[in-house]
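Asks: Sequence plus predicted model, see below.
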Amino acid sequence: MYNPFDNVIHTIKKASDILGYENNESEFLEYPERIILVSLPIKMDDGTERIFSGYRVQHSTLRGPAKGGIRYHQDVCIDEVKALAAWMSFKCAVANIPYGGAKGGITVNPAKLSKTELERLTRKFTEMIYPVIGPNKDIPAPDVNTNGEIMAWIMDEYSRLAGERTPAVVTGKPLPLGGSLGRLESTGAGVMLNTKYICEKTGIPLKGARIAIQGMGNVGSISARLLKEQGAKIVAVSTVLGGFYKESGLDIEAILDYQNTKDRLLKGYNEKNLVRISNAELLEMPVDILIPCALENQINKENAENIKAKIIIEGANGPVTNEADAVLDSKGIIVVPDILANSGGVIVSYFEWVQNLQNYYWEVEDVNNKLELKIQGLSMMSMRRQRKKAFL
């Protein structure tokens with residue numbers, strides 16, 4: 001059975017071997033600094049009480065306060081949260097921002113809770129992890145099935161417990177509460193920029209490139225819009241309900257409008273010459289670029305041989321397993337890893353945190369320019385390392 005934390009351990013050991021580290025030099029990375037498991041008794045709207053399980057894992061604070069999102073999903077478990085926290089440590093290090101890594105989650109299907117139940121759950125979770133989070137300790141952010149409103153509840157509850165307004169305790173907040181312009185689009189913008197730069201390196205023109213995107217949540221939908229604006233042809237997209245394919249390219253503007261006005265999962269969406277496909281079929285399509293923006297373990301030993309894309313951009317965290325990575329490498333498929341590909345979100349989260357601490361806020365052009373310069377610098381650094389590796 002797939003265990004995401006086993007995937008992390010394997011990656012750490014493999015990287016350590018490549019870098020020539022001794023076991024005692026890297027072994028500490030295999031163990032989170034702190035694991036918090038909490039029980040959350042919540043009174044439901046019908047008067048009954050249910051108990052939910054919550055988690056916060058702080059993998060490392062060597063580089064600064066821990067940073068990482070909180071996800072609400074029925075499959076959240078401790079090994080998943082441990083893996084995501086470790087990935088955040090590496091992502092912040094790759095992005096060269098002064099954070100360590102953390103992650104949190106609650107085992108719950110938020111679609112089955114009312115808004116008031118969801119708020120009570122969020123506030124209780126904040127109360128339970130209050131001693132270990134804070135602007136200089138651990139700064140949560142949105143993740144799967146969480147958003148700016150949930151971050152606002154966390155900030156409000158933390159501020160109530162602290163006895164003072166504390167906007168820097170979370171990022172991804174609504175603008176009136178200290179959120180940053182450009183934050184909502186930042187992860188998708190980072191995916192677009194990394195796609196642009198890898199295309200430049202490989203000589204594949206982004207204009208006209210055939211792209212398939214798995215997952216049309218915040219990251220996938222914004223990536224689709226921005227890549228379409230760059231001239232790419234988005235031929236396939238999907239949600240948890242399934243996907244759509246169109247040889248001549250999908251009408252991304254119409255899809256986004258449908259999501260915003262009718263249904264986020266695109267149930268009932270249609271356009272001329274549309275072909276309905278499964279998520280599995282989307283992953284195996286003959287495209288130039290595949291961007292998985294759903295959950296981890298999407299490209300694995302079962303389907304890796306069938307992947308036909310030339311480039312994979314990991315918009316999600318851990319969508320390619322170690323077994324699959326080896327197969328893709330043997331096939332000559334380039335994988336831009338999640339710790340670089342989707343780092344735009346944590347980079348702009350860092351910008352938001354800085355603005356909160358300074359109580360001075362930037363224009364959206366400043367945020368976008370700083371993000372582009374950061375991603376461009378990381379891309380150039382990666383290219384220099386590849387050239388050095390080829391020379392050696």
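Replies: Received it, and whenever you're ready, just let me know what you need.
Asks: Going by C-alpha atoms from here, please, whenever you check contacts or count neighbours.
Replies: OK.
Asks: could I have the helix or strand hosting residue 67 exported to CSV, CA atoms only?
Replies: When elements are assigned from DSSP states H and E, residue 67 belongs to strand 66-73. Only the C-alpha atoms of strand 66-73 are listed here, as CSV (Å, rounded to 0.1, in the frame of the first residue of the first chain):
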residue,chain,number,x,y,z
ALA,A,66,7.7,26.4,10.1
LYS,A,67,5.5,27.1,7.1
GLY,A,68,2.8,24.9,5.5
GLY,A,69,-0.9,24.6,4.6
ILE,A,70,-3.8,23.0,6.3
ARG,A,71,-6.0,20.6,4.3
TYR,A,72,-9.5,19.3,5.0
HIS,A,73,-10.0,15.9,3.4
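Asks: That one: what's the following helix or strand?
Replies: Of the helices and strands lying after strand 66-73 in sequence (DSSP H and E), the nearest is helix 78-94.
Asks: by how many degrees do that following helix and strand 66-73 diverge?
Replies: Computed by axes from the mean of the first three to the mean of the last three Cα atoms, to 10 degrees, the angle separating helix 78-94 from strand 66-73 equals 140 degrees.
Asks: what does helix 78-94 rub up against?
Replies: Contacts made with helix 78-94 from outside it, assessed by Cα atoms under 8 Å, 6 or more residues apart in numbering, are listed as 3-5, 7-8, 29, 32, 55-60, 63, 66-68, 98-105, 317, 338-340, 343, 346, 378.
Asks: what separates it from the chain centre, distance-wise?
Replies: Centroid separation for helix 78-94 versus its chain: 11 Å, with Cα atoms, centre = their mean, to the nearest Å.
Asks: Could you tell me the average pLDDT over that helix, please?
Replies: Here helix 78-94 scores 95 as its mean pLDDT.
Asks: mind listing what's buried in that helix?
Replies: 78, 80-93 (16 or more other Cα atoms under 10 Å).
Asks: what does stretch 148-162 give?
Replies: 148, 150, 151, 152, 153, 154, 155, 156, 157, 158, 159.
Asks: Now, those residues that are in helices?
Replies: Judged by DSSP state H, the subset of the buried residues of stretch 148-162 located in helices is 148, 150, 151, 152, 153, 154, 155, 156, 157, 158, 159.
Asks: Which single one of the residues you listed is nearest to residue 226?
Replies: The nearest member of those to residue 226, counting by Cα to Cα, is residue 148 at 21.3 Å.
Asks: The closest residue to residue 45 other than its chain neighbours: what secondary structure?
Replies: Distance criterion Cα to Cα, 6 or more residues apart in numbering; nearest residue to residue 45, sequence neighbours excluded, is residue 117 at 6.8 Å. At residue 117, secondary structure determined by DSSP: H, G, I helix; E, B strand; the rest coil is helix.
Asks: neighbours of residue 117, just the number please.
Replies: Neighbour count of residue 117, defined by other Cα atoms under 10 Å: 16.
Asks: Make sure it is actually in contact with residue 46.
Replies: No: look at residue 117 against residue 46 with Cα atoms under 8 Å: they stay out of range, at 10.2 Å.
Asks: Give me the buried subset of the contacts of helix 78-94.
Replies: 4-5, 7-8, 29, 32, 55-60, 66-68, 99-105, 317, 338-340, 343, 346, 378.
Asks: any idea which of the buried residues of helix 78-94 is the one closest to residue 178?
Replies: residue 92 (21.9 Å).
Asks: Just give me how far the longest strand seen in the chain sits from the chain centre.
Replies: If you go by DSSP state E, the chain has its longest strand at strand 49-60. Remark: strand 49-60 is offset 19 Å from the chain centroid, using Cα atoms, centre = their mean.
Asks: ditto for stretch 93-103
Replies: Computed by Cα atoms, centre = their mean, the chain-centroid distance of stretch 93-103 equals 14 Å.
Asks: Same check on stretch 161-179?
Replies: In terms of Cα atoms, centre = their mean, the centre of stretch 161-179 is found 21 Å from the chain centre.
Asks: how far does it stretch from start to finish?
Replies: 21 Å (Cα to Cα, to the nearest Å).
Asks: what mean pLDDT does that stretch have?
Replies: pLDDT averaged over stretch 161-179 gives 97.
Asks: Fine, thanks again, bye for now.
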